[in-house]
Structure formats: structure tokens, C-alpha cells
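Peer 1: Quick one, structure for this:
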Amino acid sequence: FLFLVLFNMVETVFSATPQELLKGYENLSSKGSPVQGEQFFNTKHGKEWSCASCHENPPNHDTKHIITGKLIKPLAPSANPTRFTDNAKVEKWYKRNCNDVLGRECSTQEKADLLSCLITIK
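Peer 2: Numbers count the residues shown, from 1 in each chain. Here you go, the predicted model:
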């Protein structure tokens, strides 16, 4: 019984919907802006790449990494229902990709803006 309770707690902590993740980011910053998120997605921030360099615009289809050629599943939750459903994976990829694009981790506001944009993509 205790195992099932703990398993359900862990599942709750690590599973989410994109809207739940967005709400969490917004609780730590301010309301996400789809317009700001789209600008962020398409802009090179002083580094060589933008988010769109690998995920293309709109990010609602399979793409390939511009260096490795590795397949990248759609970033938009409408095209890939498993996107933004695992908190640990989301944070891992935000950390890695923000470092590639910005040379630093994304702020909570940047995460909220970007996710609010991605949720609107059909």
C-alpha cells in the first residue's frame, strides 16, 4: 500500500500538462505572453542559434538537429502530446537548449512566454 501511495506521489510530481507547467512558471513570474514567446523563439540572442534553428517555425512537425541531423519530434504540444508532460525532462531540455541559444539558463518568465506561445500553435 505504501509503495502505491509513494508511486502516485512521484507520478504527480513528475507528470503534468503543458497548461499546468505554464501555470507553475506564471506563479513564479508573470503571465506568459505568446507574442514575447514567439519573438524569443525566432531570435538569435547573441549566439549562433535561435530555437527556430532546430525546431523550425512553426514547430509543429518533425525536424532535424542542424549539426547532428538527429530527429527532433514536434515541439508544439498540439502536434506532440507528450511534450511538456514531464517536469524533469522539461527542465533538462530548457537548461540544455537555453544554454545553446542564450549562453545561460532561461528565466522563469522566458519559459512562461515560450510555453504560452507553443500552446497556441495548431
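Peer 1: Next, count neighbours for the nearest residue to Ser33 once chain neighbours are set aside.
Peer 2: For Ser33, the nearest residue in space outside its immediate sequence neighbours is Asp113; the separation is 5.0 Å by Cβ to Cβ, 6 or more residues apart in numbering. C-beta: built from backbone N, CA, C; applies to glycine. Neighbouring residues of Asp113 were enumerated by other Cβ atoms under 10 Å; the total is 28.
Peer 1: Wait, a helix at Asp113?
Peer 2: Yes. Residue assignment for Asp113, taken from DSSP: H, G, I helix; E, B strand; the rest coil, places it within a helix.
Peer 1: Contacts only, for it.
Peer 2: When contacts are counted by Cβ atoms under 8 Å, 6 or more residues apart in numbering, Asp113 touches 32-34, 36-37, 40.
Peer 1: Quick one, which of those residues are buried?
Peer 2: 32-34, 36-37, 40 (16 or more other Cβ atoms under 10 Å).
Peer 1: What separation is there between the residue lying closest to Leu28 once chain neighbours are set aside and Asn60?
Peer 2: Ranked by Cβ to Cβ, 6+ apart and with sequence neighbours excluded, the top spatial neighbour of Leu28 is Thr108, at 4.5 Å. Relative to Asn60, Thr108 is positioned 25 Å away (Cβ to Cβ, to the nearest Å).
Peer 1: cool, Pro77 as well?
Peer 2: 10 Å.
Peer 1: Quick one: mean pLDDT over the lengthiest helix in the chain.
Peer 2: Among the elements of type helix in the chain, defined by DSSP state H, the one spanning the most residues is helix 87-102. When pLDDT is averaged over helix 87-102, the result is 94.
Peer 1: Which residues does it contact?
Peer 2: Contact partners of helix 87-102, identified using Cβ under 8 Å, 6+ apart, comprise 13-16, 21, 44-47, 49-51, 84, 104-106, 110-111.
Peer 1: how about 7 Å then?
Peer 2: By Cβ atoms under 7 Å, 6 or more residues apart in numbering, the surrounding residues in contact with helix 87-102 are 14, 16, 21, 45, 47, 49-51, 84, 104-106, 111.
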